[in-house]
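> Have a look; sequence and predicted model below, questions after that.
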Amino acid sequence: MRSYTLVFGLTTLLAAGATFLACGSSSSNNPTGTDSGTESDSGGGADGSTTDDGGGTMVDSSVKADSGTPGQDSGTKVDSGTAVDSGTALVDAAAPPGTPLALSASGYFVWAVTPDGYAVYTDRLTGSNNPTLHVYAMPIDSTDGGGSQLLATLSNVANPQIANIGNVVYVYHDVVTASAKQGPHSPLSIWTSTGGWKHLSDTSLTGFFYASADASAVMYLDNVSAGVAATGDLYGAPTAGATAPTALETGIVTNEIAAGKCFPRGAFGQGTATTVAAALWCSGTSDASGAATDGTVSTWLFDVATGAFSHQATDVNGMNGSQPTLALDTTGSTLFTTKANQDAVAFAVAAGVITPTPTTVDSNVFSGILLPDGSKALYGQAPPDGGTPLLRTAATTAPTSPVTLVSSSFVGFYSLLSPDNRWLYTFSAQNTSTGFTDMWLANTATASTSGAPVQLSTTQSGALFSSPFTADSKFALWYDPVVQGFGAFKATDLTGTPPTSFSVTSSDVWNDFALGTTGSKISYNDNCSSNTTNQLASTCDIQVATLAAGSTTVSPTKIVAQADANYWPSADGTKLVFTYYVAKSANLINGLYVVATP
């Protein structure tokens, strides 16, 4: 699945795309495992993508098959698959480059590759109803197809959504889209290579899922109901062992999610000896005007040894629950949020306990994020007199000393910083039907001399996919326009003054990745043949290229011709995992492959 980066805007924006991961989109491979969760923002934080709503029949929740313990070979390395119609001419097709990991005449789709080296894949989706869907995991270093695990068999699946946060794979069996007074929901299961398959919920809020950096704990919303009094229950669970999930908070208001308000927020932080979980939720229903509803924030400690969560702080009320902002630094020692009066505040967190008196960072704040170390916040400010919104930064401890970075051409920003924390995508306008925006870049350390960020595009048709920057932060990677899931792939050289933008390829692209943890090496897939009824069945050429500072010329190496659209790199960027399918092939070549990058 492909990821879209969450955006935060001044006004109520459309929730779309990876917000509620759809069959034609995907979630981040996230090889470094630094993101703690998926965030579905139906109000002040929509993401820039379109949604391919599958709708359909709910999964039979009684089918929760687990074939065995991690590492067990399912014995199905080569599957003869669905028989080919003998009355139809067969295609004498050649196998693609690379090593076959699993072969089946009926093919597979790959959904994720974890940092610890497992590909998670399923049978090939055949349409709006798949009576049986098998979920598998396979080590990508396998040389003979050994180590395949059948994780689960799902029934009557229309819109499955499978993705990973680090080494935690989460599986929404079959997503039912948002409706009046009920948020999008699905049965939810997880898998790790160390803890195996775990079924967590029959009715989980899609888009609210968080995992700790060490993959030991997750947080999710269960028992999502419908109607005027719709609520959900917040749970924390270990990914391994027999300890049951812990109910962290019950009766969380969810009846305004479909209207774009009160989508809860969560976060994990991990220190040397502690794992901290935090959450912010609506404590009451939003009023008709959408005015900020009182919200509640709280924290818990997770004990890896026992698998239990313990409440560490008295709930802090008076936060903005209607359009919530919540950020936790990587160690779980600083929590950033906004109050109901739009003041941004930072709480010190010691061993999971929130200090009772926060530091007021700034006023009239509509959304914000933290630097990874928690030392500073980046946020949007809306002047109370209706003046021009500002992008600002401030310290999270006194004196906060706010600094305006951008004072014009700004109404919101994307949530993901460059790896060196120096660059942030912003926008000045958004299409409320698609969620797409125009594209700008702001320097997070230096105020703009002109007041405006660096303009990349002018139309409200831009978005970010899996890797918004190269690993060395020298290039920004973005798309504009995006049409029916495919985008014109652009790069911006950030080493020059001013930065220079150029097209990476003349053909529309389905996805891109920064390869490895250093350098400007990337992979993307272009020359796509789109399947309008099933985007995952679209095919593209997989390319690898290294961008060069000061040059707008891209010289890619084609790795695979016309592989399935979804593919993933290994964490170190030395391998690519893809699926390949030729209808009515005379040879058994359809399946899951791994190939080395040049």
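Nice, I can see it.

> all strands for the stretch 101-250 of the chain, in order.
Applying DSSP state E, counting those that start in this stretch to the stretch 101-250 of the chain gives strands spanning 108-113, 118-123, 130-139, 149-157, 161-165, 168-172, 185-192, 196-205, 209-211, 217-222, 231-238, 246-253.

> Pretty sure G451 sits against S408.
Yes - between G451 and S408 there is a contact under CB atoms under 8 Å: 4.4 Å. C-betas here are computed from N, CA, C, even on glycine.

> for stretch 410-418, which positions count as buried?
Within stretch 410-418, the residues that count as buried by 16 or more other CB atoms under 10 Å are F410, V411, G412, F413, Y414, S415, L416, L417, S418.

> Would you reformat these as CSV and include secondary structure?
Shown next, in CSV, are those (DSSP: H, G, I helix; E, B strand; the rest coil):
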residue, secondary structure
F410, coil
V411, coil
G412, strand
F413, strand
Y414, strand
S415, strand
L416, strand
L417, strand
S418, coil
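
> What is the neighbour count of A586?
By other CB atoms under 10 Å, the residues close to A586 number 12.

> hang on, it packs against A95?
No - under the criterion of CB under 8 Å, A586 is not in contact with A95, lying 11.9 Å apart.

> which two from the buried residues of stretch 410-418 end up farthest apart in space?
Within the buried residues of stretch 410-418, V411 and S418 form the most distant pair, 20.9 Å apart (CB to CB).

> partner residues bridging T437?
Counting by DSSP bridges, T437 forms beta bridges with Q430, G462.

> contacting residues around it?
V7, G48, G412, F427, A429, Q430, N431, Q460, G462, A463 (CB atoms under 8 Å, 6 or more residues apart in numbering).

> now do S501
Per CB under 8 Å, 6+ apart, neighbours of S501: L456, K490, A491, T492, D493.

> That one: which element?
In the assignment (DSSP states H and E), S501 maps to strand 500-503.

> any idea of the mean pLDDT in that strand?
Averaged across strand 500-503, pLDDT comes to 97.

> neighbouring strands for the next helix or strand after that strand, and are they parallel or not?
Per DSSP H and E, the first helix or strand lying C-terminal to strand 500-503 is strand 512-514. Strand pairing for strand 512-514, determined by DSSP bridges: strand 521-529 (antiparallel).

> who touches the strand it pairs with?
Here strand 521-529 makes contact (CB under 8 Å, 6+ apart) with 467, 470-471, 475, 477, 486, 489, 504-505, 507-515, 538-547, 556, 559, 562-563, 565, 567, 569, 573, 576, 597.

> Report the buried residues of stretch 368-387.
Counting neighbours by 16+ other CB under 10 Å, one finds that the buried residues in stretch 368-387 are G368, I369, L370, L371, G374, K376, A377, L378, Y379, G380, Q381, A382.

> And stretch 384-398, by the same measure?
P389, L390, L391, R392, T393, A394, A395, T396.

> Centre of the chain to that stretch, how far?
27 Å (CA atoms, centre = their mean, to the nearest Å).

> circling back: just the buried members of the contacts of T437?
Buried by 16+ other CB under 10 Å: V7, G48, G412, F427, Q430, N431, Q460, G462, A463, out of the contacts of T437.

> if I pick the third one, what's in contact with it?
Just to be clear, that refers to G412. Applying CB under 8 Å, 6+ apart to G412 gives the contacts V7, F8, G9, L10, L13, S367, G380, P389, T426, F427, Q430, T437.

> L441 should be in a helix, yeah?
No - using three-state DSSP, the assignment for L441 is strand, not a helix.

> Looking at A93 now. What's its pLDDT?
On pLDDT, A93 comes in at 89.

> Next, count neighbours for the nearest residue to A514 once chain neighbours are set aside.
Spatially, and ignoring its direct neighbours in sequence, A514 is nearest to S467 (4.0 Å; CB to CB, 6 or more residues apart in numbering). Other residues near S467 come to 25 when the count uses other CB under 10 Å.

> swap in K521?
For K521, the neighbour count with other CB under 10 Å is 20.

> can you check the one 10 residues further on too?
A count of nearby residues for N531, using other CB under 10 Å, gives 14.

> quick one, what contacts it?
Per CB under 8 Å, 6+ apart, neighbours of N531: A537, S538, T539.

> if we go to 10 Å?
G24, A537, S538, T539, D564, A565 (CB atoms under 10 Å, 6 or more residues apart in numbering).

> Derive a ChimeraX selection command for the buried subset of those residues.
Buried members of these, defined by 16+ other CB under 10 Å, are picked up in ChimeraX with:
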select :24,537,538,539,564,565
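
> circling back: can you tell me which of the strands of the stretch 101-250 of the chain is nearest to F302?
F302 sits nearest to strand 217-222 of all these, at 4.5 Å, using CB to CB.

> now the angle between strand 185-192 and that closest one, please.
Strand 217-222 runs at 170 degrees relative to strand 185-192, counting by axes from the mean of the first three to the mean of the last three CA atoms, to 10 degrees.
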